[in-house]
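Asker: Following is a predicted model, sequence given first.
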Amino acid sequence: MDTIFIKELEIFSKIGVYEEEKKHAQPLIVDIDIYTCLRQASQTDNLSDAIDYTQLIRHIECVCQAKHRQLLESLAQDILDTLFEDNRIQAIRISITKPKAVKETRCLGISMHRERQK
């Protein structure tokens with residue numbers, strides 16, 4: 001299995017359970033690994049045979065900006081569901097970090113790994 005990865009994608013999203021978090025979009029850092037077969041794209045050198053990185057980022061941004069969510073877990077699952085609409089994707093690992101969410105920490109976050117349901 002081959003991997004497409006996006007590291008440290010900074011996105012702003014309205015996320016959180018506290019009133020202050022609901023008022024303003026906050027920075028999130030998204031890391032994602034997409035598990036797929038890259039053989040055809042590597043042989044043809046044709047974008048139509050590849051998963052377009054720019055489109056992946058646009059999908060992630062759209063999900064993050066679509067609505068307020070209370071939990072990172074919910075946001076991550078919505079991103080996973082959207083990306084799995086591409087049947088070429090076999091598995092995804094996603095991490096979402098919320099910098100300075102708790103003043104005593106530099107960051108906190110979640111990580112999820114999902115495989116395509118058969």
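Answerer: Cool, the structure landed.
Asker: Thr82 against Cys64, yeah?
Answerer: No - with contact defined as C-beta atoms under 8 Å, Thr82 does not reach Cys64; the gap is 10.4 Å. To be clear about C-beta, it is placed using only N, CA and C from the backbone, and glycine gets the same treatment.
Asker: In terms of neighbours, single out the busier of those two.
Answerer: Per other C-beta atoms under 10 Å, whichever of Thr82 and Cys64 has more neighbours is Cys64, with 22 against 15.
Asker: what's the closest non-adjacent residue to the more buried one?
Answerer: Ser13 (4.1 Å; C-beta to C-beta, 6 or more residues apart in numbering).
Asker: can you pull the contacts of the one you found?
Answerer: For Ser13, the contact set (C-beta atoms under 8 Å, 6 or more residues apart in numbering) comprises Ala25, Gln26, Leu28, Cys64, Gln65, Arg69, Leu75.
Asker: any idea how far Ile79 is from the fourth one?
Answerer: It stands for Cys64. Using C-beta to C-beta, to the nearest Å, Cys64 is found at 8 Å from Ile79.
Asker: cool, the fifth one as well?
Answerer: Distance check for Gln65 against Ile79: by C-beta to C-beta, it reads 12 Å.
Asker: Among these two, which residue is more densely surrounded?
Answerer: Higher neighbour count among Gln65 and Ile79: Ile79, with 24 against 12, using other C-beta under 10 Å.
Asker: Any chance of a markdown table for the contacts of Ser13, columns distance to Ser111, pLDDT and secondary structure?
Answerer: Listed next are the contacts of Ser13 as a markdown table, based on distance: C-beta to C-beta, whole Å; pLDDT from 0 to 100; DSSP: H, G, I helix; E, B strand; the rest coil:
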| residue | distance to Ser111 | pLDDT | secondary structure |
| --- | --- | --- | --- |
| Ala25 | 22 | 91 | coil |
| Gln26 | 19 | 91 | strand |
| Leu28 | 13 | 97 | strand |
| Cys64 | 17 | 96 | helix |
| Gln65 | 22 | 94 | helix |
| Arg69 | 17 | 95 | strand |
| Leu75 | 13 | 98 | helix |
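Asker: one step back: residues that sit against both of Cys64 and Ile79, list them.
Answerer: Common neighbours of Cys64 and Ile79 (criterion: C-beta under 8 Å, 6+ apart): Val30.
Asker: Before I go, just wanted to say thanks for your time.
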